[in-house]
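Undergrad: quick one: sequence and predicted model below, then my questions.
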Amino acid sequence: MKGAEPLVPWLALVLDEWLGDPPNRWHPVAWLGSGIAKVEHWLRRAETKGDFWAGVWVCLGGALMVGSFANLLAKTLRKLPFPWSLLGEAVLLKLSLAQRGLGQAALKVEGALSVSDLPQARQQLAWYLVSRETTDLDEGQVAGATIESVAENTSDGILAPLWYYAWGGLPLVWIYRFVNTLDSMWGYRNERYEWLGKAAARLDDLLNWLPARLTALSLIAAAALQGEDWRQAFAILKRDARTTASPNAGYPMSAMAGALGVELEKVGHYRLGKGLPAPQGKDIRRAVRLMQTAVVLGAAALSLLSLARWGNKAGNAQRKR
């Protein structure tokens, strides 16, 4: 497969758009979630210090195991003849992505709002996109939460895995996906998970630091190409990106808010684009289009990084000869 590595992200994106997600029983991310749930069941709950160190060992040990297994699979695949090696690696990368599923979930909410079925829209939002309580959200808040999820998951669910593939191949992709899954299950600030999930939450923040900012810039570039307000996107990014509790989520969300010209608010937590109109259902489709364009732009940039990385490896190998 030498020389074909920069093609893998594009093939993975095509496969994701074509095939979507497999059933959970065949999905590696679902397997990670099931494994984490079993480990949590086995853990003996302890005092604060014990919970913290248990979380550290699960986080680091799980990342090492997942990365080692992904590395073994990658080495095995690369022994296959072309194009099967290319296809196999693209499939394993595709399974870390969520572009089609994210777009479909968002458009289900938009569809319910378009026929004024607010209860159904709230239900779709809770089922597929957010963990917050949705029963009291009005139409603007439902649309806003959907747009926020599209923006944040453009980073977490699409561009971050592509970034780690370009930087370190499949092992880094699946280490990232493990940590991100662990954080989504344990990264809550409540009595049960405050200390158990702290290591996962901090490592997830670290791993998402650069992808979140890459995603924000990709969304601004996408806004310029789509005829949205890229200048306002940049201005709101500068003003509001650091106003969220997460050190990363505010970047793609504030860029999206500015590009669409809407205020995104999680009551009691943040207001991105404060003073702009409340979002409407029709803005969700605009957000999905921006996400799709941003992914193409981000993937193009990361393909250049992958090409440079491969070229450097090939050059080193040639010098050793």
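TA: Sure, I can see it.
Undergrad: middle-most residue in the chain, spatially?
TA: Asp156 (1.5 Å; C-alpha atoms, centre = their mean).
Undergrad: from Trp163, how far out is that residue?
TA: From Asp156 over to Trp163 the distance is 11 Å, taken as C-beta to C-beta, to the nearest Å. (Glycine included, C-beta is placed from N, CA and C.)
Undergrad: low-confidence ranges, the stretch 151-300 of the chain, go.
TA: For the stretch 151-300 of the chain, no stretch has pLDDT under 70.
Undergrad: could I get the full set of helices for it?
TA: Ranges of helices in the stretch 151-300 of the chain, per DSSP state H, counting those that start in this stretch, are 160-186, 198-226, 230-240, 250-260, 281-320.
Undergrad: out of those, which one sits most buried?
TA: Each of the helices of the stretch 151-300 of the chain was scored by mean neighbour count; the highest is helix 250-260, a mean of 30, by mean count of other C-beta atoms under 10 Å.
Undergrad: report all helices and strands that it contacts.
TA: In this structure, helix 250-260 makes packing contacts with helix 139-154, helix 198-226, helix 230-240, strand 264-266, strand 270-272, helix 281-320, judged by 3 or more C-beta pairs under 8 Å, 6 or more residues apart in numbering; DSSP states H and E.
Undergrad: looking at these, which is nearest to Leu72?
TA: For these, proximity to Leu72 was assessed by C-beta to C-beta; helix 281-320 is nearest, at 19.2 Å.
Undergrad: chain center to the closest one: distance?
TA: Here the centre of helix 281-320 is set off from its chain's centre by 14 Å, with C-alpha atoms, centre = their mean, to the nearest Å.
Undergrad: show me what that helix is packed against.
TA: Packing partners of helix 281-320 (3+ C-beta pairs under 8 Å, 6+ apart): helix 8-19, helix 99-114, helix 139-154, helix 160-186, helix 198-226, helix 250-260.
Undergrad: okay, the residue nearest to the centre of the chain and His27: tell me how far apart.
TA: Relative to His27, and taking C-beta to C-beta, Asp156 is found at 16 Å.
Undergrad: same check, this time on Ser96
TA: For Ser96, the distance to His27 - C-beta to C-beta - is 10 Å.
Undergrad: check Asp183 too.
TA: Applying C-beta to C-beta, the value for Asp183 to His27 is 18 Å.
Undergrad: not counting sequence-adjacent ones, nearest residue to Thr154?
TA: Leaving aside its chain neighbours, Thr154 sits nearest to Met291 (4.8 Å; criterion: C-beta to C-beta, 6 or more residues apart in numbering).
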